[in-house]
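Undergrad: Here is my input, please return the structure:
(chains A and B)
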Amino acid sequence: MEKRIYLDHAATTPLDEEVLQAMLPYFSQKFGNPSSLHSFGSEAHDAIENSRKKVADLIGAKEGEIIFTSGGTESDNLAIRGIAYMNKDKIKEKGPHIITSSIEHPAVLETCRDLEREGFEVKYLKVDRYGFVDLEELKESISKGTFLITVMFANNEIGTIQDIREIGKIARDFGVIFHTDAVQAVGKLDIDVGKLCIDMLSISAHKIYGPKGVGAFFVREGIRLKSIQTGGGHERGLRSGTENVPGIVGLGEACRLAKERMDKDVPHMIKLRDKLIRGVIENIEESYLNGHHEKRLPNNAHFRFTAVEGEALVLSLDQKGIAASTGSACSSKKLQPSHVLLAIGLSPVEAHGSLRLTLGRENTEEEIDYVLDVLPDVVRRLREISPLWRKKL
Amino acid sequence: MSMYSKKVMEHFLNPRNMGKIDDPDGVGVAGNPVCGDTMTIYIKVKNNRIVDIKFQTFGCAAAIATSSMITELAKGKTIEEAEKITRDNVADALEGLPPIKMHCSNLAADALKAAIEDYKKRRKKK
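TA: This is a model prediction of the structure:
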């Protein structure tokens, strides 16, 4: 295969060269344990504190409010379980105890389901056809026992950006803690945890050109959590275990670069995204955009095509050198249609006919031209095979 | 693609006997749109032998490959021989399927059986 075009940045991004260079010394020469008192320890310690500052800077937080974790999933678990286990006595009060949306990432959804088995009551807010939660339903759902609202910043499949400021305000008004999984939003949208009234926020490094296996968690000063991992009391007792120093250095550098490049990257991705969306909708009959046309991630284009199945589409595109996805990488080996697409009201067949293309800073206009050149033929071929495509070709 | 055998990919990318038969002697449909697959198999029978067979499939690569393979296996066979084709025959001919996709070979076998049943029913009516 000669030509390869990567359009699956919501699954993961390539490691930035500058990030790699920043990380390298911490694998070998600067290998110290940050907890050690000698100079080896202090250079590692300084490196993670420096990273903490870079992460905090990207989202308008204080350094002391950032905890390093193994990634988005752990951050979500820490936020939700950490608050829930501090509020065990609230189980006796009228619920829901936790309010979330029906289109969350499995890291949030499955954690909530697990807590339901432990006796907590969870409310899953409906979404409209674009994927927006109903703010009225949110307000009406809050009761005496509610201690946590967790709603994702932007959806990983259809790219819909929630009205986070409004949700944050509602949470603040009712005195409920607000957590948001911002894994897809960080580095692409302006995030200021103060202005948006966010109390807790999850970040993953490998979605922003950093390494896999490392993430961060913002928790507002004064909020007490129960740790979910016991041990030596690292990260203010919230996340025991010797820190992943090279990974944390990589995350910090990725955050710094994201902030520095956002002004250039975001308009670039929006330009390519809109070209892609326009080109597909105009040139492929019965093709539709999932999600909202404006309030969507700068890098997300999510389509559905009548009578064509997503996996067949992804494998056909892979043959042409284009890396895409049916929904989220996590679910591409499952048979169930995406819970997000069902929640926005698509039928199972429509949900199976979906394709997600997610851009990155390194994609070019020529690459989009190539996709627009290849995709109509791929869809046409699969429709020829499909019994659901009744039209004459 | 590590998930599928070479044979599956080959049949997915170059499906045999794809399409519709305009005046079929039997038509069989199998599928479950919720898991994302629907198959239609058309057969033309002469002297108790399947002389032509075509398929249309909405589904994943495995669904398309199993449809294609079962048409190859059934073409030219007598009705009795074709009835004996099992999902394992299809999966084996494709050099295996991922466990999670085994149901696709089931669907292909079901669609062929349904087409043969339909053929028998039509004959009785005549």
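Undergrad: Helices of chain A, start to end?
TA: Counting by DSSP state H, chain A has helices at residues A:17-23, A:39-59, A:72-86, A:106-117, A:135-141, A:164-174, A:245-283, A:310-319, A:339-343, A:348-352, A:365-385.
Undergrad: Which residues are in contact with whatever residue of the stretch 101-250 of chain A ends up closest to chain B?
TA: The stretch 101-250 of chain A approaches chain B most closely through residue A:157 (16.0 Å), counting by Cβ to the nearest Cβ. Using the backbone N, CA and C atoms, a C-beta is placed for each residue, glycine as well. Shown in contact with residue A:157 (Cβ atoms under 8 Å, 6 or more residues apart in numbering or on different chains): A:10, A:103, A:290, A:302, A:327-328, A:338, A:340-341, A:356.
Undergrad: List buried residues within these.
TA: Buried residues within the contacts of residue A:157, counting neighbours by 16 or more other Cβ atoms under 10 Å in any protein chain shown: A:10, A:103, A:290, A:302, A:327-328, A:338, A:340-341, A:356.
Undergrad: Tell me the predicted confidence for residue B:33.
TA: For residue B:33, the pLDDT comes out at 63.
Undergrad: Not counting its own residues, what contacts the lengthiest helix in chain B?
TA: If each helix of chain B is counted by residues according to DSSP H, the longest one is helix B:102-125. When contacts are defined by Cβ under 8 Å, 6+ apart, helix B:102-125 is touched by residues B:24-32, B:35, B:37, B:39-43, B:45, B:55, B:59-60, B:62-63, B:65-67, B:69-70, B:74, B:79, B:82-83, B:85-91, B:94, B:97.
Undergrad: ok, and which of those residues reach chain A?
TA: B:29, B:35, B:37, B:39-40, B:59-60, B:63 (Cβ under 8 Å from any Cβ of the partner chain).
Undergrad: out of those, which are inside helices?
TA: residue B:63.
Undergrad: tell me the two of the ones next to chain A among the contacts of helix B:102-125 that are most distant?
TA: Across these, the longest distance by Cβ to Cβ is 17.5 Å; it joins B:29 and B:60.
Undergrad: the more surrounded of these two?
TA: Taking neighbours as other Cβ atoms under 10 Å in any protein chain shown, residue B:29 and residue B:60 compare with residue B:60 leading, 26 against 16.
Undergrad: ok, for the more buried one, nearest residue in space, not its chain neighbours?
TA: residue A:311 (3.9 Å; Cβ to Cβ, 6 or more residues apart in numbering or on different chains).
Undergrad: wait, isn't the one you found in contact with residue A:326?
TA: Yes. Using Cβ atoms under 8 Å, residue A:311 and residue A:326 qualify as a contacting pair, with a distance of 5.9 Å.
Undergrad: Compare these two (neighbour count), which wins?
TA: With neighbours defined as other Cβ under 10 Å, residue A:311 and residue A:326 compare such that residue A:326 has more, 26 against 23.
Undergrad: ok, for that one, nearest residue in space, not its chain neighbours?
TA: residue A:310 (3.5 Å).
Undergrad: what does residue A:83 give?
TA: residue A:148 (4.9 Å).
Undergrad: What of residue A:210?
TA: Nearest to residue A:210 is residue A:254, by Cβ to Cβ, 6+ apart, at 3.3 Å.
Undergrad: need the contact list for the one you found.
TA: A:16, A:19, A:187, A:205, A:208-210.
Undergrad: any idea how far it is from residue A:204?
TA: Computed as Cβ to Cβ, to the nearest Å, the residue A:254 to residue A:204 distance reads 10 Å.
Undergrad: Output the below-cut-off pLDDT ranges for the stretch 201-350 of chain A.
TA: A:327-335 (pLDDT under 70).
Undergrad: what does it put close to chain B?
TA: A:307-312, A:315-316, A:318-319, A:333, A:335-337, A:347-349.
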